[in-house]
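Asker: Okay, here's the prediction I keep looking at, along with the sequence it came from:
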Amino acid sequence: MRLRTVRAIYRKEMKETIRDRRTLVLMIVVPVLAIPLLMMFSTHLMISQFKRVAEETSRVAVMGAEHLPEELGRNLGEAEGLSLETRAALSDRDSTAWMKALDEGELDVVLIVPPGFERALLDESPTKIEIAYDKAEIRSDMAADKVSGLLESYRDDVVRDRLRQRDIPEEVILPFESVLRNMASARKLAGQSIGGLLPYLIILMCFTGAMYPAIDLAAGEKERGTLETLLVSPASRGEFVIGKYLVVLTTGIIAAALSLASLLAWVKYMAGIMGGAGEEETLVGLQFDPATVGLILLMMLPTAAIFGGVLLSISVFARSFKEAQNYITAFMMIILFPAFVSLVPGIKLSHRMALIPIVNVSLTIKTALSGTLEWSYAATAGLSMAVLAALILLFVKKWFERESVLFRM
Amino acid sequence: MIEARELSKHFKDGKRGLVRAVDGISFECKGGEVYGLLGPNGAGKTTTLRLLSTSLRPTSGTALVNGIDVVSNPEKVRSQIGFLSGNTGIYGRLTPREMVGYFGELYGMSDEIITKRTDEVFSMLDMHDFADVRNEKLSTGMKQKVSIARAVIHDPPVMVFDEPTTGLDVMSSRTIVEFIRRCRDENKCVIFSTHIMSEAMRLCDRAAIIHKGRIFASGSIQEILERAGEDNLEDAFIKIVGE
């Protein structure tokens, strides 16, 4: 293996890669721009949708409004964000029509007050009031919450009145209060929510960043008829495989590093704008110190090496650019499935998990981001990936020596 | 300069079983001579040339290129050969100067020699006007010249042409034909394959008629015509192959 030849091949392939707009887009533009934009857009959309629903007036129909106690009726009528439609009659026909309206989304909630409701309250005999709503609709669900909140506070008033009439202190029915106190650190929460998304995206970017160069460098050369000129040059098969492999590896690493940098910037930005919305603890506090960033890049190195090797092998086997693309799209599903594991809550990094390729990278990055990584797991994961990368490199070298692969026309 | 000795290449094919693409071919081609491999598509011409240029390894037999064995020393053989085929492409996103320089590096030439030799070759082929334009923007004729320049940057003693004019227009074909003559005049050993008999008659000093991986006849064009008793190479070919 002559270093000068490998360097010449690397330099030439890199030059060509950088001049290819398609590759540049997938290696630089997508990781830097599209993903954060996409996430920003979807988050904004979600928030604004939520806000819109929350601010909207809920349409509540009261069946049997004449049975409502006056005070409760007033409470409902004066409540913010509720538009009340009352109807005295409670015929079966009306009932059906209203339920249909609820089903069709013309009404958000139908409050069903049974006859004698007010009487029962005065008599202190048991009774019930029904809130009909459509849980599948956010609007209806939120309206039901509002209505049931109003009913509950009215019920508390009634209870308080009854106690007062009997001279009983409130503590009798409220012996103690239970308070929920969230003990998870901000870092841990963050690691669990968006920390799960980051490893997946970084691995995905690494794959797509390396994809086009890999196709271009092998299947592309076959298609253009330049592979044959390379085969008759004195460069050995080993030299040109290594040269090409290093280019694919480089693009994969660059894409992963860029996506990491831009996702980091995105997280910081989101933490800033969402600070007021009370979501702060789920965004800030992600572990992004130099050691973690270094570890992530270190984990991405064998990942990119494995992707590069596999992509090049598929690519050189294909007869044309298009064929390579088809194989690789199919393969992408297989390789990205294990990366998805970081998005599944509850899967923890263990020594066994640390042995499974890609899964281990995904989980290591996730736990590192949440600041709960045990270094022995990371070492196992890194070692497992490095061994696999080395095996794949050996395979690629042998694969490129096969005439049936190189001349598969 | 080229000496093929019982050269054979067999493939295993899923549908056809064992394919004897080249089946014990022997011939010799000297410096200053143009040697033609004539035969229809699938005769084994391309495979033979690939064996000579070491992109394929022979199943049995061997060949010497400028005295170097293709089996035991393939990488050295490749530095002796300039290879050009009708299908060999060029890198679209490189300029002719970059592309030729790249191959110079692969041939182990120093930067200084590459610069000097590139200049010589570009002058010879009249390429200076477009030496720094990206290949993808060039016309077919210009691209053909880039291919030629790529093949001769290391000034090889042996030139291998595999159906070099296939798919080319009249002007580009002419460039190739002239270039082949020039190689002969420079005392290089030229081997070229074609299925176009008129081209063979114009260019070849000697030739071999290949069919189904074997040589059916060989010698000077005149000898081949006399053996078949025809005065036209195409008729001679049909008669010799016996179809």
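Answerer: Okay, I see it.

Asker: right, and A:Ala219 touches A:Asn326 too?
Answerer: No: judged on CB atoms under 8 Å, A:Ala219 makes no contact with A:Asn326 at a distance of 10.5 Å. Every C-beta, even on glycine, is put in place using the N, C-alpha and C of the backbone.

Asker: Specify the beta-bridge partners of the most centrally placed residue in chain B.
Answerer: Central residue of chain B (CA atoms, centre = their mean): B:Phe161, 1.7 Å from the mean position. With DSSP bridges as the criterion, B:Phe161 is bridged to B:Leu84, B:Phe192.

Asker: Does it touch B:Thr88 like I think?
Answerer: No: taking contacts as CB under 8 Å, B:Phe161 lies outside contact range of B:Thr88: 10.1 Å.

Asker: I'd like to know if the helix ranked longest in chain A reaches chain B anywhere along the stretch.
Answerer: Longest helix in chain A, counting residues (DSSP state H): helix A:237-274. No: on the criterion CB under 8 Å from any CB of the partner chain, helix A:237-274 is out of touch with chain B, staying 8.6 Å away.

Asker: buried sites along that helix?
Answerer: Residues of helix A:237-274 classed as buried: A:237, A:239-260, A:262-263, A:266-267, A:270-271, A:274 (neighbour count, 16 or more other CB atoms under 10 Å in any protein chain shown).

Asker: tell me the SS of residue 164?
Answerer: With no chain named, the answer covers chain A. Of the three states, A:Arg164 takes helix under DSSP: H, G, I helix; E, B strand; the rest coil.

Asker: looking at chain B here, not the other one
Answerer: coil.

Asker: now do B:Met159
Answerer: strand.

Asker: Near the residue of the stretch 51-200 of chain A found nearest chain B, how many other residues are there?
Answerer: Closest approach between the stretch 51-200 of chain A and chain B, counting by CB to the nearest CB: A:Tyr200, at 32.5 Å. A:Tyr200 is flanked by 18 other residues according to other CB atoms under 10 Å in any protein chain shown.

Asker: in which helix or strand would I find B:Val19?
Answerer: Using DSSP states H and E, B:Val19 sits in strand B:17-29.

Asker: which of the residues in that strand are buried?
Answerer: In strand B:17-29, counting by 16+ other CB under 10 Å, buried: B:19-23, B:25, B:27-29.

Asker: okay if I get those residues as JSON lines plus pLDDT?
Answerer: Below are those laid out as JSON lines (pLDDT from 0 to 100):
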{"residue": "B:Val19", "pLDDT": "87"}
{"residue": "B:Arg20", "pLDDT": "89"}
{"residue": "B:Ala21", "pLDDT": "91"}
{"residue": "B:Val22", "pLDDT": "92"}
{"residue": "B:Asp23", "pLDDT": "91"}
{"residue": "B:Ile25", "pLDDT": "92"}
{"residue": "B:Phe27", "pLDDT": "93"}
{"residue": "B:Glu28", "pLDDT": "93"}
{"residue": "B:Cys29", "pLDDT": "92"}
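
Asker: re earlier: by contact count, what packs against the helix or strand containing the residue of the stretch 51-200 of chain A closest to chain B?
Answerer: Assessed by DSSP H and E, A:Tyr200 sits inside helix A:197-215. On a contact count with 3 or more CB pairs under 8 Å, 6 or more residues apart in numbering or on different chains; DSSP states H and E, helix A:197-215 meets helix A:21-24, helix A:35-55, helix A:237-274, helix A:290-317, helix A:321-339, helix A:359-369.
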